[in-house]
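Colleague: Output the structure for:
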Amino acid sequence: MDMVEKIQGVLDGIDESVANDTGAIFINVIKNEFVLLDGRIGIPRLPVKEIDPGLAAGVLADVARFIPAYLGGRRFITGPVSAAHQHSLQFARRVEGAFLDFVHLFRIDLRYGGGADEFIEKGGTDFYPAYYTDRIYFKSRLVPVRKGAASEADFAPVRLVDSTYTDSDQYFHTYAIFDDTGYREATMELHRRIALDDVFPVSAAFYPFVEFDHFTACLNVPDPTPPEIAAAVKIFEPLFLYVLAKYRPLNGWFPRKEIEAVFPEILISSEGVELGGDARARIAAYFARYSFFRDDELALRGWWRIDIDD
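Modeller: As a prediction, the model looks like this:
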């Protein structure tokens, strides 16, 4: 059995119905999400060049004890990655929608990002330090995709744009996700187009729930348990169709009558596409469950706690 199969074997053995053994979810001053564990895990010395699959399999087995609800039912994603993600493990799960499907991407960053309880072994030129930690840094996103792809790893995003350029007129790679300046600028442009600031609990500059990535609009899901992912898909499909209409004609994708039959709150006219009052209220109610808490202690740490009402 190769290491990729071993990693998938760990995932296949996870019961997603088991609750996580974790504390609160936070973001830090650079807006990286992390969850505190009710315990700690050991991260071995990782090669600076890229993560070794053998090491990854061992770490995943340790991590899975704490976050089974985040990892169960997922596929391990391999393939080319940007330099920023060579020490990450990425997992995917496909969820069906009415017109679109959605792939939930969950990425764990194993590179040291602060919060070591104890250093096990020093790092050096070729290796990062080994350490024990009580937290896991992650990214959790829903990506709208075309229906009919063979697997989670072989998905085709429904693109808002066909290409994105840097100032030097070079294409971004499709896998250069989560951290490119151009993508942050594209996220802010997306929010200017959709003009829905009133439905989000915080500004897009602070924490964009809808974020530009994979050449499309993705939804951040800070607590990706199965019920939260299901709720996110239900609210994001009509919201994404509205976003898509700000970039491309919807009639090039789906018949108008079918959209209106499934999502009557999407108002389509010769002047464009708008969200009806009920739709805006429902979307606002979904995001109103989120709040960002910070007291003096958290401020000293540069953290905000993400609270989610049931």
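
Colleague: in the stretch 1-150 of the chain, which ranges drop under the pLDDT threshold?
Modeller: In the predicted model, the stretch 1-150 of the chain carries pLDDT under 70 at residues 1, 79-86, 113-116, 149-150.

Colleague: Please save the CA atoms from the longest strand seen in the chain in PDB.
Modeller: What stands out as the longest strand in the chain, according to DSSP state E, is strand 130-145. The C-alpha coordinates for strand 130-145 follow below in PDB (Å, rounded to 0.1, in the frame of the first residue of the first chain):
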ATOM      1  CA  ALA A 130       9.100  19.200  15.400                       C
ATOM      2  CA  TYR A 131       6.700  20.300  18.100                       C
ATOM      3  CA  TYR A 132       3.500  19.600  20.100                       C
ATOM      4  CA  THR A 133       0.600  21.900  19.500                       C
ATOM      5  CA  ASP A 134      -2.900  22.400  20.800                       C
ATOM      6  CA  ARG A 135      -4.300  23.900  17.500                       C
ATOM      7  CA  ILE A 136      -4.900  23.100  13.900                       C
ATOM      8  CA  TYR A 137      -4.700  25.800  11.200                       C
ATOM      9  CA  PHE A 138      -7.100  25.200   8.400                       C
ATOM     10  CA  LYS A 139      -9.000  26.600   5.400                       C
ATOM     11  CA  SER A 140     -12.600  25.500   4.700                       C
ATOM     12  CA  ARG A 141     -14.400  26.500   1.500                       C
ATOM     13  CA  LEU A 142     -17.300  25.600  -0.700                       C
ATOM     14  CA  VAL A 143     -16.400  25.700  -4.400                       C
ATOM     15  CA  PRO A 144     -19.300  25.800  -7.000                       C
ATOM     16  CA  VAL A 145     -18.600  23.200  -9.700                       C
END
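
Colleague: Now do that strand: which elements does it pack against?
Modeller: strand 33-43, strand 101-109, strand 116-121, strand 210-213, strand 216-220, helix 226-245 (3 or more CB pairs under 8 Å, 6 or more residues apart in numbering; DSSP states H and E). Backbone N, C-alpha and C define where each C-beta goes, glycine included.

Colleague: what about the ones you listed, which gets the closest to residue 60?
Modeller: strand 101-109 (8.1 Å; CB to CB).

Colleague: relative to strand 33-43, how tilted is that closest one?
Modeller: 50 degrees (axes from the mean of the first three to the mean of the last three CA atoms, to 10 degrees).

Colleague: Test my guess that residue 133 contacts residue 36.
Modeller: No - if you go by CB atoms under 8 Å, residue 133 and residue 36 don't touch, sitting 9.9 Å apart.

Colleague: Pretty sure residue 260 sits against residue 266.
Modeller: Yes - look at residue 260 against residue 266 with CB under 8 Å: they come within range, at 6.9 Å.

Colleague: Neighbour count: those two, which is higher?
Modeller: residue 266 (20 against 13; other CB atoms under 10 Å).

Colleague: so the longest strand of the chain versus strand 216-220, what angle?
Modeller: 130 degrees.

Colleague: quick one on the thing from earlier: which residue of residue 133 and residue 36 possesses the greater neighbour count?
Modeller: Taking other CB under 10 Å, residue 133 and residue 36 do not tie; residue 133 has more neighbours (21 against 17).

Colleague: Three-state assignment for the closest residue in space to residue 288 that isn't next to it in sequence, please.
Modeller: If the residues on either side of it in the chain are set aside, residue 288 comes closest to residue 201, at 6.3 Å by CB to CB, 6 or more residues apart in numbering. Recorded secondary structure, residue 201: coil (DSSP: H, G, I helix; E, B strand; the rest coil).

Colleague: With the one 3 residues further on instead?
Modeller: Under three-state DSSP, the three-state class of residue 204 is coil.

Colleague: Let me see the contact set for it.
Modeller: 187, 188, 191, 197, 210 (CB atoms under 8 Å, 6 or more residues apart in numbering).

Colleague: same question, residue 110
Modeller: By CB under 8 Å, 6+ apart, residue 110 lies in contact with 43, 46, 51, 56, 59, 87, 88, 89.

Colleague: now the first one, which residues is it bridged with?
Modeller: So the one you mean is residue 43. Residue 43 has these beta-bridge partners by DSSP bridges: residue 131.
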